[in-house]
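Trainee: Mind looking at a prediction? Sequence and model below.
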Amino acid sequence: MFGKQSAAVEWLIAGLGNPGQKYERTRHNMGFLAVDLLAEQKGVRLNKVKFKSAYNFLELGGARCLVMKPQTYMNLSGEAVREAAQFYKIPPERVLVIYDDVSLPVGKLRVRPSGSAGGHNGIKNIIAHLGTQAFPRIKIGTGAPGDGGDMIGWVIGVPSQKEREVLVESFQKAVEAAECIIAHGCQKAMNDFN
């Protein structure tokens, strides 16, 4: 027997990151920071706990969405995403993932309807758990370390003040892109935000 709540969820929006204060403001937590902004703008707190995540429901682009921050650590994000998607019977094409991308310049946004993990462990794990690459995503560029730089140190490092100013704007754009994807589809969002 399905309650009204479970039947009504049309989209899942997952912001990726690592739980805990140690990682709070790091480059790898761009997804967390973007969905925090979305929740804040909708007057909602992501303070419910289930599906190995902190989550809540909100309205975006005319649809009822479950917005989540998996608390599994990045490389196991797929466990949380799969649990929620299965519970609410949300197909992969309505699972929107927001995350950091080192191959894009700082603050640059890239909307994609599907694709490979591109070396991102969170996305790799979601692909494994959903059994498909065909889910929309919004990538937020963090830039990369210089030649021979330590990639792990970079992604769990904190952006400079200058980078942060650019990134705050990109979180706002990510929220707008998410709304566009839900209301008008990926193609329009790609045209408007890429």
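Mentor: Arrived safely, thanks for sending.
Trainee: Could you use CA atoms for every contact and neighbour count after this?
Mentor: OK.
Trainee: Show me the strands in the chain, by range?
Mentor: 11-15, 48-50, 53-60, 63-70, 95-101, 109-112, 137-141 (DSSP state E).
Trainee: what inclination does the longest helix along the chain have with respect to strand 95-101?
Mentor: In the chain, taking DSSP state H as the definition, the longest helix is helix 161-184. Our comparison of helix 161-184 with strand 95-101, counting by axes from the mean of the first three to the mean of the last three Cα atoms, to 10 degrees, yields an angle of 160 degrees.
Trainee: rewinding a little: export the strands of the chain to CSV and append columns for mean neighbour count.
Mentor: Output for the strands of the chain, formatted as CSV (neighbours: other Cα atoms under 10 Å):
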stretch, mean neighbour count
strand 11-15, 25
strand 48-50, 14
strand 53-60, 20
strand 63-70, 24
strand 95-101, 25
strand 109-112, 21
strand 137-141, 26
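Trainee: Quick one: those strands as CSV, columns for mean pLDDT too.
Mentor: Listed next are the strands of the chain as CSV, based on pLDDT from 0 to 100:
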stretch, mean pLDDT
strand 11-15, 98
strand 48-50, 96
strand 53-60, 97
strand 63-70, 97
strand 95-101, 97
strand 109-112, 97
strand 137-141, 97
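Trainee: so can I have JSON lines of those showing distance to residue 121?
Mentor: Listed next are these as JSON lines, based on distance: least, Cα to Cα, whole Å:
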{"stretch": "strand 11-15", "distance to residue 121": "14"}
{"stretch": "strand 48-50", "distance to residue 121": "22"}
{"stretch": "strand 53-60", "distance to residue 121": "17"}
{"stretch": "strand 63-70", "distance to residue 121": "13"}
{"stretch": "strand 95-101", "distance to residue 121": "11"}
{"stretch": "strand 109-112", "distance to residue 121": "17"}
{"stretch": "strand 137-141", "distance to residue 121": "14"}
